[in-house]
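Asker: Sequence unavailable; structure follows:
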């Protein structure tokens, strides 16, 4: 299952970010809502095609598309994606986001000015 969100995870959720908690909270809520509605759309299409949800043992692959080339840390991007991960569970695509039910697969970073900003979420049931 492929889900595209026309935003990048909030900078405020980076483990290195230092700022007021309310800015972090509001940025996380905004991103979580955007991912949630994209996931609900994907979930409804998948259910219409006969796919069984939620995934009980899923592999999550992430692709972040940025408009400019800079040094980026994959581990920090996974941390920044926390509101998006919560939205996947909230939308009913994942049973839970713990280590028993979810495995983080590939995390890729691309630079493309025409597509950016974009987060591509790929979920599949682990065999």
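Answerer: Yes, it's here. Everything numeric here is computed off the predicted structure, so don't read it as measured data.

Asker: From start to finish, how long is stretch 48-57 in a straight line?
Answerer: Stretch 48-57 has an end-to-end distance of 21 Å (C-alpha to C-alpha, to the nearest Å).

Asker: contacting residues for the residue positioned nearest the centre of the chain?
Answerer: Against the mean C-alpha coordinate of the chain, by C-alpha atoms, centre = their mean, the closest residue is residue 84 at 4.2 Å. Contacts for residue 84 (C-beta atoms under 8 Å, 6 or more residues apart in numbering) come out as 5, 9, 31-32, 35, 119, 121. Glycine gets a C-beta too; all of them are placed from N, C-alpha and C.

Asker: Surely residue 126 is in contact with residue 59?
Answerer: Yes - contact criterion C-beta atoms under 8 Å: residue 126 and residue 59 qualify, at 5.0 Å.

Asker: any shared contact partners between those two?
Answerer: With C-beta under 8 Å, 6+ apart as the test, residue 126 and residue 59 both reach residue 103.

Asker: If you average the pLDDT over stretch 93-113, what comes out?
Answerer: Averaging pLDDT along stretch 93-113 gives 95.

Asker: Centre of the chain to that stretch, how far?
Answerer: Mean-position distance between stretch 93-113 and its chain equals 7 Å (C-alpha atoms, centre = their mean, to the nearest Å).

Asker: Walking through the protein, point out its strands one by one.
Answerer: 2-5, 58-66, 102-111, 118-125 (DSSP state E).

Asker: of these, which approaches residue 52 most closely?
Answerer: Closest approach to residue 52 among those (C-beta to C-beta): strand 118-125, 8.8 Å.

Asker: ok, and what's touching stretch 107-124?
Answerer: 1-9, 35, 39, 55, 58-69, 72, 74, 77-78, 81, 84, 88, 93-94.

Asker: Could you rerun that using 7 Å?
Answerer: 1-9, 55, 58-69, 72, 74, 77-78, 84, 93 (C-beta atoms under 7 Å, 6 or more residues apart in numbering).
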